[in-house]
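below: sequence and its predicted model.
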Amino acid sequence: MALKINANYLLPPSTVQLRFNKPAKFRNFCVRNCSSSGTINADNSRKLVLEVKERLKTQYHELPVGKNGRDDESMILWFLKDRKFIVDEAVERLSKAIKWRQEFGVDDLSEDSMKRAAQTGKSSVHDFLDVNGRPVLIVQASKHYPGMQDEDEKLCVFQIEKALSKLPEGQEQILGIIDLRGFGTANADMNFLTFLFDVFYYYYPKRLGQVLMVEAPFVFKPLWQLAKPLLKQHASLVLYLSPFI
């Protein structure tokens, strides 16, 4: 299936297609950092994972263990990659992320507990992957209203977790599509927008590969101008598939 989106300002003709495919090809995995050597081999990365694991056990023994816990080696490796294999920074980020997951109750979110919120249609995970093999998280901005912060934040995290659970082997990131058709001033919510990008920056680093903004109305422009400086490097992930109209 394909989603057609107006994109006159990008390239002719006026339509680009986002194709959603079944899980795509496997990709080779390699670990890189910004050191002069350019790479960290499997043996060295394994040693760093074990070092972080031991540090977390010693310094943050109260944190939970198991999947997404302080002894989850795949999670440790991901944060090491994000922090360019600097152990101190990885330990600090990981401890905060695991503590946040525990306090937020991420592991308690389920289809049943989020059923009512999901039925609003504010967000969903597409049944198929995009053409690059990424799970697709779709947000319907016109259905969001400020004042339901707790429910909206939980739904947001639940959908991120759901999208990540669909990652095929070799893929590491998801695609976000924010559908702005019908968006009005009543839907503007700077707090939630900041929460959304903070979650990806601090707790799901580098999991968001790109954000596509679909048919942004002119009333969205001042909100974006306020949000963009706060988002910092996140702003570079955003691509508008139509001009402000």
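Perfect, I can see it now.

quick one, what contacts the residue sitting nearest the centre point of the chain?
The centroid of the chain falls nearest to residue 208 when counting by CA atoms, centre = their mean (3.8 Å). By CB atoms under 8 Å, 6 or more residues apart in numbering, the contact list for residue 208 reads 173-174, 176, 200, 234, 237. C-betas here are computed from N, CA, C, even on glycine.

for residue 190, give me the pLDDT.
Confidence at residue 190, expressed as pLDDT, is 88.

likewise for the one 4 residues further on?
At residue 194, the predicted lDDT confidence score is 83.

just send the contacts of residue 208 back as CSV, with secondary structure too.
CSV is the format used below for those (DSSP: H, G, I helix; E, B strand; the rest coil):
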residue, secondary structure
173, coil
174, strand
176, strand
200, helix
234, helix
237, helix
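
and which of those residues is nearest to residue 149?
residue 200 (17.4 Å; CB to CB).

quick one: contacts for that closest one?
Residues in contact with residue 200 (CB under 8 Å, 6+ apart) are 160, 207-208, 234.

ok, back up a step: partners of the residue nearest to the centre of the chain in the sheet?
Legend: beta-bridge partners of residue 208 under DSSP bridges are residue 174.

how many other residues sit next to the spatially closest residue to residue 167 that is not a sequence neighbour?
When the adjacent residues along the chain are set aside, residue 167 lies closest to residue 135, with 6.2 Å between them (CB to CB, 6 or more residues apart in numbering). Neighbourhood size, residue 135 [other CB atoms under 10 Å]: 27.

ok, back up a step: buried among the contacts of residue 200? Need that as a selection in ChimeraX.
Of the contacts of residue 200, the buried ones can be selected in ChimeraX as follows, counting by 16 or more other CB atoms under 10 Å:
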select :160,207,208,234
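
contacting residues for the residue nearest to residue 206 when sequence neighbours are not counted?
Distances taken as CB to CB, 6+ apart place residue 82 nearest to residue 206, at 5.5 Å, with adjacent residues excluded. Shown in contact with residue 82 (CB under 8 Å, 6+ apart): 90, 93, 205-206.

can you give me the pLDDT of residue 6?
At residue 6, the pLDDT recorded in the model is 39.

so the protein: which segments form each domain?
42-106, 109-240 (automatic domain parsing).

quick one: end-to-end distance for the longest one.
Spelled out, that is domain 109-240. For domain 109-240, the separation between the terminal residues is 31 Å (CA to CA, to the nearest Å).

all helices of the chain, in order?
Ranges of helices in the chain, per DSSP state H, are 42-59, 73-82, 87-104, 115-118, 149-165, 190-198, 221-231.

in the second one, which residues are buried?
Burial within helix 73-82, assessed by neighbour count using 16+ other CB under 10 Å, is assigned to 75-82.

out of those residues, flag the one nearest to residue 52.
Of those, the one sitting nearest to residue 52 (CB to CB) turns out to be residue 76, at 5.0 Å.

ok, that closest one - contacts?
The contact partners of residue 76, by CB under 8 Å, 6+ apart, come to 49, 52-53, 56, 90, 94.
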